[in-house]
Every structure is written in C-alpha cells, then in structure tokens.
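Chemist: What would the 3D arrangement of this be:
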Amino acid sequence: MTEKKVAEKEAKKEVATDAAAKKATPKKEAPAKKTSSFAIIATGGKQHVVFEGDSLNIEKLDGEYKTGDKIEFTEVLLVDDGKSTKIGEPTVAGAKVTAEFVENARESKISVIRFRSKSRYFKNRGHRQPYTRVKITKVA
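Modeler: Predicted coordinates for the structure are as follows:
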C-alpha cells in the first residue's frame, strides 16, 4: 500500500515538472505588424484603422461615384508614420486620407424576427445594409 502512495507521489512530481517546463518555454512571437504608416479615420459614425493598400467597407457615401474615382477623408483622428504619432483634438490639422472608389453594394441579408409567444404574433422582415467599398491609396 505504501509503495502505491510513493509511486503516485512520484507521478505527480513528474507531471508538475513537465508543466513547469512548458511554462518556462518562451512563447511564440506575435506576427509582424505592418510597418507602413496608418491612420484612424471617422466616417459614417464609425472609426476605422486604415493602412495604405487596404480595402474596407464603410457606410454608403452620398453622391454618384464611378469605379476609380478619388475620395478624400479629412476627418482624420490619428496619423502614425512609423516614427511619430500625431493625435488630433478632435482631428489632425492638415491630415487627409485618399481612397479610390471600388463599388457600392449591399451586405448579405439578415432576418429581423419579432415573436410573441402564445398570441400568434410573428413578423419576419429582411434587411440588407448598403455599403461603399474603397481602397486606401495614400495616408498623409
């Protein structure tokens, strides 16, 4: 019986040392971040972090645009060029982000359901949110 207890204790020690060894191993490094300049812009009631070359969906813009048209975002909240960071109060003076219009489209359909139990009340409506896809060409 005592041999069993001794064997169990030794097994527990081995497990504990294995766990300690795992904790001591260095963690994997995070993937390298994009080193180019970036900015935070406000459009459509939302804030977006943008890098040069990124494509993103924003709330639909008013007006008629053709593919390839230039769009300027002047409401820039923060600009970082890799060396220094400028934070606006509320916006950075003279900073602007230039983008290229890609398309106007609509998101996939979501179902908006209203249901009341025990009263035969059921309403099902679909909704597709319109958006504008732009490609960021310059952060200045």
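
Chemist: Tell me how far the nearest residue to Ile110 once chain neighbours are set aside lies from Arg106.
Modeler: Leaving aside its sequence neighbours, Ile110 sits nearest to His127 (Cβ to Cβ, 6 or more residues apart in numbering; 5.5 Å). In short, each C-beta sits where N, CA and C put it, glycine included. Counting by Cβ to Cβ, to the nearest Å, the separation of His127 from Arg106 is 10 Å.

Chemist: what's the answer for Gly88, then?
Modeler: Counting by Cβ to Cβ, the gap from Gly88 to Arg106 is 32 Å.

Chemist: Ok, Glu100 next?
Modeler: Taken as Cβ to Cβ, the span from Glu100 to Arg106 is 20 Å.

Chemist: Neighbour count for these two, which is higher?
Modeler: Each of Glu100 and Arg106 has its neighbours counted (other Cβ atoms under 10 Å); Glu100 has more, 17 against 11.

Chemist: Pull the contacting residues for that one.
Modeler: Shown in contact with Glu100 (Cβ atoms under 8 Å, 6 or more residues apart in numbering): 68-71, 134-135, 137.
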